[in-house]
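In: quick one, fold the following:
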Amino acid sequence: LTGTTQLDGMAAAVTGDPLDPGLLLAVVFIVAGLVFKVGAVPFHMWVPDVYEGAPTTITAFMSVAPKAAGFAVILRVFLNPLVAASDAWIIVAVIAVVTMALGSFVALVQDNFKRLLAYSSIAHAGFALFGVVAGGADGIAGVMLYLLIYAFMNLGIFGIVIMMRNGDFSGEVIEDYAGFAKSHRGLALLMLLYLFALAGIPPTAGFFAKFYVLVALVERGFVTLAVIAVLLSAVAAYFYIRIVMVIYMREPERAFEPALTPSVRATLALTAAGTIGIGLFPAWFLRLAQSSVFGG
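Out: The predicted structure follows:
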């Protein structure tokens, strides 16, 4: 339809007013494919079933790698050729709001930990899309930093789930973590770090991940979207805090010894270091994200 595979050429082709119906249909298909890739509404249905049914190690990989790759393509494609379609940001904004709302509210009623993390992943995809809506240097860098932090804290929490698979414990039911802090204080504290980071509670790395995206939105004049993102983040924080309450305020039902294999130890050490390190020096990592895109 555009006669080229070069992104700049595509951008020039979609600047017509009104937009050619064929090109508009192509844009719709591109957006649909990318939305499916990151697990955003309305192509999110596969995420909960895959997270719950796949082996936990595969789920951990699926929660990070495809999402990061999908957003890399979104940032490269959407913010170049598709941004030429002036109303395209409205579509992405609607998808972002609905995706984050669905992920946050449905996660509230989940009892299966992996399924809860699936809807958490959907909510995080929605928040990252807000950075795409903001666009510009700050928006792109904010999304990149968000995905980096998300990778560390999400792989960390899945490392905890893998560690819990021992004997009768599957680690996939929230009740398995009842009283975990009373028997394994260090691991419970580590889990607290990941959960607070996922919730975006300051001064964790997760807070700065959300903060820089919100700053980009406000600077571009999308104040209403920023307010919606904050309100939905508050809803999402509840289901993380709910798990914290189970860990610290419930009595353990039976004795349990986590399966701390060398690979799990290495995963937890690396992800904890990344989560804490970015939380301590967020501005440095943001500059690193900006320089990776724009040079300098």
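In: where along this protein do the helices fall?
Out: Assigned helices in the chain, in chain order: 7-13, 21-38, 46-53, 56-77, 88-107, 113-134, 136-164, 180-183, 185-199, 205-219, 223-249, 262-280, 282-294 (criterion: DSSP state H).
In: quick one, which of those helices is nearest to G171?
Out: Nearest to G171 among the helices of the chain is helix 136-164; the distance by Cβ to Cβ comes to 2.7 Å. Bear in mind the C-beta positions are built from the backbone N, C-alpha and C, glycine included.
In: helices and strands around that closest one, which ones?
Out: helix 56-77, helix 113-134, helix 185-199, helix 205-219, helix 262-280, helix 282-294 (3 or more Cβ pairs under 8 Å, 6 or more residues apart in numbering; DSSP states H and E).
In: most tightly packed of the helices of the chain?
Out: helix 113-134 (a mean of 26; mean count of other Cβ atoms under 10 Å).
In: taking helix 56-77 as reference, get the angle to that helix.
Out: Taking axes from the mean of the first three to the mean of the last three Cα atoms, to 10 degrees, one finds helix 113-134 and helix 56-77 inclined to each other by 10 degrees.
In: any low-confidence regions in the stretch 51-200 of the chain?
Out: Judged by pLDDT under 70, the stretch 51-200 of the chain has its weakly predicted residues at 79-87, 166-168.
In: ok, 50 please
Out: By pLDDT under 50, the stretch 51-200 of the chain has no low-scoring segment.
In: ok, for the residue nearest the centre of the chain, nearest residue in space, not its chain neighbours?
Out: The residue lying closest to the centre of the chain (Cα atoms, centre = their mean) is H124, at 3.3 Å. Ranked by Cβ to Cβ, 6 or more residues apart in numbering and with sequence neighbours excluded, the top spatial neighbour of H124 is Y150, at 5.8 Å.
In: I'd say that neighbour and F127 touch.
Out: No - at 9.3 Å, Y150 does not count as touching F127 under the criterion of Cβ atoms under 8 Å.
In: what residues are up against the residue nearest to I228 when sequence neighbours are not counted?
Out: Spatially, and ignoring its direct neighbours in sequence, I228 is nearest to V97 (5.8 Å; Cβ to Cβ, 6+ apart). By Cβ atoms under 8 Å, 6 or more residues apart in numbering, the contact set of V97 is 126, 225, 228, 232.
In: now the third one: how far from T99?
Out: Looking back up the chat, that one is I228. Distance of I228 to T99, computed by Cβ to Cβ, to the nearest Å: 12 Å.
In: now swap in the first one and tell me
Out: Relative to T99, G126 is positioned 3 Å away (Cβ to Cβ).
In: what touches both of those two?
Out: 40-41.
In: ok, back up a step: dump the helices of the chain to CSV, plus distance to G171.
Out: Compiled in CSV, the helices of the chain are given as follows (distance: least, Cβ to Cβ, whole Å):
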stretch, distance to G171
helix 7-13, 44
helix 21-38, 26
helix 46-53, 13
helix 56-77, 7
helix 88-107, 17
helix 113-134, 7
helix 136-164, 3
helix 180-183, 10
helix 185-199, 11
helix 205-219, 22
helix 223-249, 12
helix 262-280, 11
helix 282-294, 30
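In: so which of those helices gets nearest A255?
Out: helix 180-183 (7.4 Å).
In: so which elements touch the closest one?
Out: helix 185-199, helix 223-249.
In: can you count the residues close to A255?
Out: Using other Cβ atoms under 10 Å, the number of residues around A255 comes to 7.
In: from I90, how far out is it?
Out: 55 Å.
In: cool, G221 as well?
Out: Taken as Cβ to Cβ, the span from G221 to I90 is 14 Å.
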